[in-house]
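Peer 1: Structure for this input, please:
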Amino acid sequence: MILIIVIYNSKYMNTHHRDTILISLRPDITIDIERESLPEEKFQQHTLRPILKFQNAVIMEYFIAKTASSNIPINVHERSLFVENIIRKDLVLRNQLIGLVAGLFNSEEFAFYLQHVSTLNKRITQLLIKRLQDQF
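Peer 2: Numbers count the residues shown, from 1 in each chain. This next block holds a predicted model:
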């Protein structure tokens, strides 16, 4: 019998420390701060856009891997429609992509996300579609 002892370093178990690290990873994005916005819009600007920018390579790689067996159109317009259709129709793919974003929320952002799941998932989906259409 092998006994494995795991020692937890309290600084890595601290939620505040995790939150600080997650926020420090995000790229800076210029935001129009003068305009009054709904809380969901502020969340989109201050949280979703930086996370999507940070996760861009992973999102692209994952999407390409999951659609590799599909007949991808050559025409730019048709390819744009392909991206939108596959994200909207393939619930597993869409939810996995949303998970790549939501997994980088800090504790406060995750609490806000849980209160507005439906609205924020729609926003994340729209942002994902636009990002993939622009780069795929």
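Peer 1: only C-alpha atoms for contact and neighbour calcs from this point on.
Peer 2: Fine.
Peer 1: For Asn106, see how far away Glu41 is.
Peer 2: 17 Å (CA to CA, to the nearest Å).
Peer 1: of those two, who's got more company?
Peer 2: Asn106 (20 against 14; other CA atoms under 10 Å).
Peer 1: nearest residue to that one other than its sequence neighbours?
Peer 2: Closest residue in space to Asn106, ignoring its immediate chain neighbours: Asp19 at 4.8 Å, by CA to CA, 6 or more residues apart in numbering.
Peer 1: residues of the helix or strand harbouring the one you found that come out buried?
Peer 2: Element membership for Asp19 (DSSP states H and E) is helix 15-25. Buried residues in helix 15-25, counting neighbours by 16 or more other CA atoms under 10 Å, are found at 18-19.
Peer 1: What's the mean pLDDT across it?
Peer 2: Averaging pLDDT along helix 15-25 yields 85.
Peer 1: Next secondary structure after it?
Peer 2: Using DSSP H and E, the helix or strand that follows helix 15-25 towards the C-terminus is helix 39-43.
Peer 1: Would you mark the buried spots in that next one?
Peer 2: Per 16+ other CA under 10 Å, helix 39-43 contains these buried residues: 40, 43.
Peer 1: hmm, who's touching that helix?
Peer 2: Helix 39-43 is contacted from outside by 119-120, using CA atoms under 8 Å, 6 or more residues apart in numbering.
Peer 1: Much appreciated, bye for now.
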